[in-house]
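Peer 1: no sequence for this one, just the structure:
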Ligand SMILES: [Zn+2]
């Protein structure tokens, strides 16, 4: 993923594509760390085709950043939950976190936030001090969609999130961690940071994944879990309870991604790795 996007298919593009990119200041995507989160770069025919040009002094559109984790050395960890709010699992996750004084970040679905139940769940999370962030409106691979459709997905979700929390979300994790030049451009234009992950704990084998995280965590980890759609199950919820309890007993601070970013340096060579 070292040379993403536009140049791969530039040969097939209209000559004006390069002009548009130059006018937009380019899209610089830098991966900090890069251990566990995967990113899929797709050269797609519709990439950036409908992105509006920006003047060179427009402070937006300069760059977008992709973050997998932060530098180690401190007992700070960011637990993140995708695909909610979901009445089946979000209340359990919320209870577990709150019982242990843990804060987390929820990358939420626009279509789930737009139900009264979803809005109430999200508001409750925000009221507890958790962070609300953007996933997508529908759970599609955004790397295959046009600039206009990716923008729509982000805007719908951001608006619903703001309604729930009163805050404009600043973090975005596209479904599947799928990135494209278009996704990066939308992030740049909207001032969003792209947050992927360094550990993933799924419902398929949560105990093993929990042990692996506890054995290797150096601080600054961003852990992906799910509180909605197909992944969560009872086993995952049980593992989450054990994980949060163990982290708390061992003196870890579980905090939101924005808090983690504010309290740790960005570094391409994390300490202790
Ligand atoms: Zn998802």
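Peer 2: In hand now; what should we look at? Note that the structure is a prediction, hence the values are computed from the model and not measured. Numbers count the residues shown, from 1 in each chain.

Peer 1: check contacts around the most centrally placed residue in the chain.
Peer 2: By CA atoms, centre = their mean, the chain has its centre lying nearest to residue 173, at 2.6 Å. Residue 173 sits next to 80, 82, 107, 133, 134, 135, 194, 195, 196, 197 when contact means CB atoms under 8 Å, 6 or more residues apart in numbering. (C-beta placed from N, C-alpha, C; glycine too.)

Peer 1: got it, and residue 197?
Peer 2: With contacts defined as CB under 8 Å, 6+ apart, residue 197 is in contact with 36, 37, 68, 69, 80, 173, 177, 222, 223, 224.

Peer 1: List, one by one, the residues from the stretch 101-250 of the chain near the ion.
Peer 2: By CB under 5 Å from the ion, the part of the stretch 101-250 of the chain that sits against the ion consists of residue 175.

Peer 1: again, only this time at 6 Å
Peer 2: 135, 139, 175 (CB under 6 Å from the ion).

Peer 1: and of those residues, the nearest to residue 169?
Peer 2: residue 135 (10.1 Å; CB to CB).

Peer 1: Over to that closest one. Which of the three states is it?
Peer 2: strand (DSSP: H, G, I helix; E, B strand; the rest coil).

Peer 1: does it really touch residue 176, like I thought?
Peer 2: No. Contact criterion CB atoms under 8 Å: residue 135 and residue 176 do not qualify, at 10.4 Å.

Peer 1: Give me the more crowded residue out of the two.
Peer 2: Using other CB atoms under 10 Å as the criterion, residue 135 and residue 176 rank with residue 135 on top: 27 against 16.

Peer 1: which non-adjacent residue is nearest the more buried one?
Peer 2: Distances taken as CB to CB, 6 or more residues apart in numbering place residue 107 nearest to residue 135, at 4.1 Å, with adjacent residues excluded.

Peer 1: Stretch 167-187: end-to-end distance?
Peer 2: In stretch 167-187, first residue to last residue: 17 Å (CA to CA, to the nearest Å).

Peer 1: residues of it that come out buried?
Peer 2: Within stretch 167-187, the residues that qualify as buried are 169-187, counting by 16 or more other CB atoms under 10 Å.

Peer 1: So which of those residues are in helices?
Peer 2: Taking DSSP state H, the ones among those that sit in helices are 181, 182, 183, 184, 185, 186, 187.

Peer 1: pLDDT added to the residues of the stretch 101-250 of the chain next to the ion, as CSV?
Peer 2: Shown next, in CSV, are those (pLDDT from 0 to 100):
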residue, pLDDT
135, 98
139, 96
175, 98
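
Peer 1: Just the closest of those to residue 111, please.
Peer 2: Nearest to residue 111, judged by CB to CB, of these is residue 139 at 8.5 Å.

Peer 1: burial of that closest one, as a residue count?
Peer 2: Residues lying near residue 139 (other CB under 10 Å) number 19.
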